[in-house]
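Attaching a predicted model along with its sequence, questions to come.
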Amino acid sequence: MKTLLRRHPLPHVFALCLFAATLAHPCLAADPADSGGHNLLSPGEKSAGWRLLWDGATTTGWRTPKSDSFPTNLWRIRDGELTVLASGNPLAGAGGDIITTERYANFELTADFKTSAGCNSGIKIFVQPNLNQTTGKPATGNNGATLGLEYQILDDERHPDAKLGHDGDRKLGALYDLLPPGPNKHVNPVGEWNHLRIVSRGRHVEHWLNGEKILDYDRGSEAFRQAVAASKFSKVPGFGGWEDGHILLQEHGSEVSFRDLKIRILPAE
């Protein structure tokens, strides 16, 4: 903390506030100067309407699905990377997922991600944080499910999910448990950064990986409805047809890191 205060002289009162926030989230303390040139926007990106979905240093703009606060466990911000640490139990929810405070419908999203050995994680869009799975409507109280359309992030070689599902629809880049990525997928090795891109405009969605489009689909199309009917989401009324939703980074027991999360709003079709 002393180093942070020397680098960034602050008024006394604000310094105390920053110190208190660091105590509340000790693993989230970060210095924007340590981002390594990432989590920045070029003049061209700014003029094209891009903005940072994560600022590279704080928890601003993110919360848990069922509260206004950020998780106090497992999530770490360091050197311009947003990392969820391994808990060893994908069902425990020890750290918990995080979602954007804003909702989105028509957008282009890009991000770098880095997996660990045996990693299982994902980025979800159109996330409904408190959904009744019987009616498909918002749940009363705070007991509903958190559902969305997931861009699967997986170590295909080591995680058993890669061999489950239908025709590879649980492998990296898939629309999880619904549609598989194409054969042109190029994945950098575990421990190296990969770059994803998700485009959502109207009902059309595209998955990109390392500069190649690996999947596209239309929400609500016959092919999409058939995929839902054959999936674990078959009993959720209207699954995937929502008008908008949050963006979610998943905590699923494995370590995975993110950086350069950027988004721009697109005109609707």
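In hand now; what should we look at?

Mind naming the longest strand for the protein?
Using DSSP state E to define each element, the chain has its longest strand at strand 120-131.

The following helix or strand past that strand to strand 120-131, inter-axis angle?
Per DSSP states H and E, the first helix or strand lying C-terminal to strand 120-131 is strand 145-154. Taking axes from the mean of the first three to the mean of the last three C-alpha atoms, to 10 degrees, one finds strand 145-154 and strand 120-131 inclined to each other by 170 degrees.

what mean pLDDT does strand 145-154 have?
Mean pLDDT, strand 145-154: 96.

for that strand, packing partners?
strand 107-115, strand 120-131, strand 246-249 (3 or more C-beta pairs under 8 Å, 6 or more residues apart in numbering; DSSP states H and E). In short, each C-beta sits where N, CA and C put it, glycine included.

chain center to it: distance?
8 Å (C-alpha atoms, centre = their mean, to the nearest Å).

same question, stretch 118-135
Distance, centroid of stretch 118-135 to centroid of chain: 10 Å (C-alpha atoms, centre = their mean).

Can you mark which positions in that stretch are buried?
For stretch 118-135, burial by neighbour count (16 or more other C-beta atoms under 10 Å) applies to 118-132.

do the same with stretch 224-241
Applying 16+ other C-beta under 10 Å to stretch 224-241 flags Phe224, Ala227, Val228, Ser231, Phe233, Val236, Phe239, Gly240 as buried.

which non-adjacent residue is nearest the last one?
Right, Gly240. Arg219 (5.1 Å; C-beta to C-beta, 6 or more residues apart in numbering).

Could you report the distance from the one you found to Ala145?
19 Å (C-beta to C-beta, to the nearest Å).

Those two: who's more crowded?
Arg219 (19 against 13; other C-beta atoms under 10 Å).

any weak-confidence spans in this protein?
1-36, 92 (pLDDT under 70).

May I see the domains of it written out as residue ranges?
1-26, 31-265 (automatic domain parsing).

Name the stretch among those that sits most buried.
For these, the largest average neighbour count (mean count of other C-beta atoms under 10 Å) is found in domain 31-265, namely a mean of 18.

ok, now which ones touch the residue most central in space within the chain?
By C-alpha atoms, centre = their mean, the chain has its centre lying nearest to Leu249, at 2.8 Å. By C-beta atoms under 8 Å, 6 or more residues apart in numbering, the contact set of Leu249 is Trp62, Leu82, Val84, Asp97, Ile98, Ile99, Ser121, Ile123, Phe258.

Check Gly240 too.
Per C-beta under 8 Å, 6+ apart, neighbours of Gly240: Phe126, Leu149, Leu178, Arg219, Gly220, Phe224, Val228, Phe233.

Can you add distance to Asn89 and secondary structure and give those back as TSV?
Output for the contacts of Gly240, formatted as TSV (distance: C-beta to C-beta, whole Å; DSSP: H, G, I helix; E, B strand; the rest coil):
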residue	distance to Asn89	secondary structure
Phe126	27	strand
Leu149	25	strand
Leu178	25	coil
Arg219	32	coil
Gly220	35	coil
Phe224	32	helix
Val228	28	helix
Phe233	23	coil
